[in-house]
Structures are given as C-alpha cells and as structure tokens.
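Student: here is my input, please return the structure:
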Amino acid sequence: MADEERAPHVAGDPIPAPCEVIEVRVAELKQLFNAIDPSPFREKDLDPKAEEFILGWAREAHRDVPLALLVYLDRPAGLPDEAAILRDAVHEYFAHRRDVTRRQLSQLLRNGRISLLIGISFLAISIGIGDFLAIRFAGQRSVGILSESLLIGGWVAMWRPLEVFLYDWWPIRAEVRLSDRLASMPVRIAYTQGAASEVWRSDWPAVPAATSRSHAVESPAP
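Tutor: Residues are numbered from 1 along each chain as shown. Below is the predicted model of the structure:
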C-alpha cells in the first residue's frame, strides 16, 4: 500500500512488457514541441532536440522489439485526456515523417531508374564508338587510347545508378520503418507531482481553447 502511494500518478496507454521504453523527462509538455510552429497542436513538429533524442534511442533498440514512450512530467496531472492528446500528436508527427521519407525513397528510386537508363545508353554508345574506332584505325596508338577512354567514361556513367541501387536506398527504407514503429507506439505520462495544482493551465498542449474558456473566472452579475 505504501509503495502505491509513493508511485507517481500515470495516464495513457499501457506499456507491454517486451517494449523498449524511451524515457523523456520535461517540466511541461510544450517542451516536447517546436515553439515557433503555428500549426494546431496535433500537427505541430516535435522540438528538434526531443526528436533527435527519441530517434537516437529508437535506433539503438533492436528492430524487432516494439517501442514505447514514457514521459516523466514535472507537474501534477491536468485534463483527463491530455495523455491521449499527447499520444495523437506524437503519432501524427511520426506518421507525417514516415510519409515524407517514403516519398523521398520513391523519388530516389525514380531518379535511380532514369540514371540507370542514361548510364546504360551512354555505356553502349561509348563501347560502340570505341569498337568502331579500334576497327577503323587499327594499329594507331592514339585511337587505342581514345577507345579505352570512351570505355572508362561509359563505366563512370554507371556510377550514380549503382550507388542508388546498392547503397542509397536501404538507409532511407530503414528510416521509413523506424518512423512507422514510432507512429504506433504506446505513449504514457508519469506525473512526478501528485498534489492538485493549476500549473497545468499554462502548459498549452493540455488546454483546448473551449476548455480554457469554460474554466475562466465568471464575470460578476450586473
């Protein structure tokens, strides 16, 4: 019973046992989000430092282990649904990041296919011209050098498509999968202060406009 009384109040999604728990501690929820982003709360970008911290922790976790986010909040609990609001905002951000990264991957592969077509065409032309010169001017040293230069140039033209299909695509694909995991992870808040307080009112993510107005001090009757 004493342990339960000392345990911090928690709210949000349950965290299954096998999860890799990413732990973050903030004084206010708004510290997790970009202060200069004017978008509605559920569409706000994460603060760059918070994003870097979460992504860094997630990258170190085994790719087959589910992820979860546990936010230690240095204030008492506010609105009953603020944990759900936080979860939706975090999920929305990483879902958007996943979609943007997926589009980048599609664009990279599209450029790779175009580069491959150009490279193969140039290589074929270079080989054809080199062979023609070697046959037409057989025995001439300068023509042999030119023929070899055309062949080397043709293979150099294949460098970019080979780089795309051998090296460039899979790190981006890994980022898509990582963002997808983060976009569906459980999110939980652990409040480190248990006493009732009005501090939560200044923490903007927790207070929708309608709720804020409903809690305003009533004007005296005329």
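
Student: pull out the buried residues from stretch 149-166.
Tutor: Buried residues in stretch 149-166, counted by 16 or more other Cβ atoms under 10 Å: 150, 151, 154, 157, 158, 160, 161, 164, 165. C-beta: built from backbone N, CA, C; applies to glycine.

Student: tell me the helix or strand right after the helix or strand encompassing the third one.
Tutor: When elements are assigned from DSSP states H and E, residue 154 belongs to helix 141-156. Scanning forward in sequence from helix 141-156, with DSSP H and E defining helices and strands, the next element found is helix 159-163.

Student: which strands or helices does that following helix pack on?
Tutor: helix 82-136 (3 or more Cβ pairs under 8 Å, 6 or more residues apart in numbering; DSSP states H and E).

Student: by contact count, what packs against the helix it packs on?
Tutor: Applying 3+ Cβ pairs under 8 Å, 6+ apart, we find helix 82-136 packed against strand 9-12, helix 141-156, helix 159-163, helix 169-182, strand 187-191.

Student: could I get the ones you listed as JSON lines with mean pLDDT and distance to residue 100?
Tutor: Compiled in JSON lines, the helices and strands packed on helix 82-136 are given as follows (pLDDT from 0 to 100; distance: least, Cβ to Cβ, whole Å):
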{"stretch": "strand 9-12", "mean pLDDT": "88", "distance to residue 100": "26"}
{"stretch": "helix 141-156", "mean pLDDT": "84", "distance to residue 100": "32"}
{"stretch": "helix 159-163", "mean pLDDT": "93", "distance to residue 100": "22"}
{"stretch": "helix 169-182", "mean pLDDT": "96", "distance to residue 100": "9"}
{"stretch": "strand 187-191", "mean pLDDT": "93", "distance to residue 100": "21"}
